[in-house]
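Enquirer: Provided below are the primary sequence and the corresponding predicted coordinates.
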Amino acid sequence: MKVLVTGGAGYIGSHTCVELLKAGHELVVVDNFSNSRVDSLEQVEKIAGRSVRIYDVDLLEKEKLAQVFGEHSIEAVIHLAGFKAVGESVEFPLKYYRNNLIGTLNLCEVMSEHEVYQLVFSSSACVYGIPKQTPVPETANLQAINPYGNTKRMLEDMLEDLSSSNENWRVAVLRYFNPVGAHPSGLIGEEPKGTPNNLMPYITQVAIGQLPRLSIFGDDYDTEDGTCVRDYIHVVDLAQGHVSALEHLSTGVHTYNLGTGRGYSVYEVVKAFEEANALSIPVQVVERRPGDAAVSYADPAKAERELGWRAEKGIFDMCQDAWRWQKHRQGGNG
């Protein structure tokens with residue numbers, strides 16, 4: 001298929017592009033590079049040995065987006081573009097509602113105008129808020145507790161309504177848990193701007209010496225060691241989940257958790273990183289962050305049953321690949 005990938009230069013996008021190219025698909029990428037680098041797509045081409053058509057387009061620029069569709073016979077879209085920092089969304093909610101909602105609305109309108117009805121949509125486990133049960137099934141109540149999560153929940157509703165209005169739509173909604181790691185080549189990985197919001201890049205930046213120590217937000221939760229438990233999924237497994245979703249699209253909207261079904265505490269991740277890479281990570285415990293659930297991990301059974309997909313890589317793979325990527329970037333070879 002000829003597939004349009006929005007946000008294809010980002011962390012998840014670049015890995016998804018690699019897996020799509022490996023699976024034989026032809027790619028067109030649109031990205032405004034506000035939180036990504038164009039050279040990540042050069043590395044994608046190096047890894048896959050195939051080329052990608054790249055357009056510097058913001059989804060808020062509907063006419064430019066329509067031009068891309070006019071130039072290519074797009075058959076399906078994987079929609080990854082969007083702002084995603086929870087803390088920033090609390091501080092600047094209108095920025096998130098404008099970008100995530102209007103950008104996706106523009107995309108769906110342009111898709112409709114060009115009769116492209118196959119869509120894989122990037123959602124988030126944030127739509128579950130603080131889950132009342134674990135593992136979390138797709139049928140759990142949606143109770144997002146921040147603007148970012150609310151944008152994803154609202155867009156899921158919009159896609160349901162869109163599908164109800166036109167039976168041609170075939171949509172897969174993928175609710176990610178916690179993507180970590182990097183491509184085993186070390187050529188692409190997660191590169192957050194400023195102090196990382198997520199655990200693994202925080203750990204790797206401490207390990208490389210960019211940050212003095214890891215801040216652990218509370219160690220008095222009702223868990224075995226007092227720190228929060230999360231479902232960490234290797235980004236390559238996550239990327240392969242997109243390919244599986246694309247190749248199993250069916251009429252209507254179908255929602256899938258992409259996770260491992262296994263939770264790790266913060267201390268367990270730190271210990272695994274230290275053991276996997278023979279390093280020591282200094283830590284300090286600070287106050288809890290508001291809105292953090294004690295435990296959240298996925299029930300991924302539906303994805304395995306309907307998509308034939310399941311996560312294969314373990315926590316040591318995640319830690320080793322994340323560290324390889326960090327060292328590669330620090331060496332300036334990316």
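Expert: That came through fine.
Enquirer: just checking, next helix/strand downstream of the helix or strand of the chain with the lowest mean pLDDT?
Expert: Scoring the helices and strands of the chain by mean pLDDT, DSSP states H and E places helix 86-91 at the bottom, with a mean of 92. Next along the chain after helix 86-91, taking DSSP states H and E as the criterion, comes helix 93-96.
Enquirer: mind listing what's buried along the least confident helix or strand of the chain?
Expert: V86, E88, S89 (16 or more other C-beta atoms under 10 Å). C-beta: built from backbone N, CA, C; applies to glycine.
Enquirer: equivalent analysis for stretch 250-261, please.
Expert: Burial within stretch 250-261, assessed by neighbour count using 16+ other C-beta under 10 Å, is assigned to V253, H254, T255, Y256, N257, L258, G259, T260, G261.
Enquirer: cool, and stretch 46-65?
Expert: For stretch 46-65, by 16+ other C-beta under 10 Å, it's I47, A48, R50, V52, I54, Y55, V57, D58, L59, K62, L65.
Enquirer: what's the answer for stretch 292-306, then?
Expert: A293, A294, V295, S296, Y297, A298, D299, P300, K302, A303.
Enquirer: now do the contacts for the fifth one.
Expert: Pointing back at Y297 there. Listed by C-beta atoms under 8 Å, 6 or more residues apart in numbering, the contact partners of Y297 are T134, P135, V136, F177, V229, R230, D231, G259, T260, G261, R262, G263.
Enquirer: next, format these as JSON lines and append pLDDT and distance to S14.
Expert: Putting the contacts of Y297 into JSON lines (pLDDT from 0 to 100; distance: C-beta to C-beta, whole Å) gives the following:
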{"residue": "T134", "pLDDT": "95", "distance to S14": "30"}
{"residue": "P135", "pLDDT": "98", "distance to S14": "29"}
{"residue": "V136", "pLDDT": "98", "distance to S14": "27"}
{"residue": "F177", "pLDDT": "97", "distance to S14": "19"}
{"residue": "V229", "pLDDT": "98", "distance to S14": "28"}
{"residue": "R230", "pLDDT": "98", "distance to S14": "23"}
{"residue": "D231", "pLDDT": "98", "distance to S14": "22"}
{"residue": "G259", "pLDDT": "98", "distance to S14": "20"}
{"residue": "T260", "pLDDT": "98", "distance to S14": "21"}
{"residue": "G261", "pLDDT": "98", "distance to S14": "25"}
{"residue": "R262", "pLDDT": "98", "distance to S14": "25"}
{"residue": "G263", "pLDDT": "98", "distance to S14": "27"}
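Enquirer: buried subset of those, written for ChimeraX?
Expert: Typed into ChimeraX, the next command selects the buried ones out of these (criterion: 16+ other C-beta under 10 Å):
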select :134,135,136,177,229,230,231,259,260,261,262,263
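Enquirer: ok, so of the contacts of Y297, who is nearest R170?
Expert: For those, the minimum distance to R170 (C-beta to C-beta) is 23.2 Å, reached by G259.
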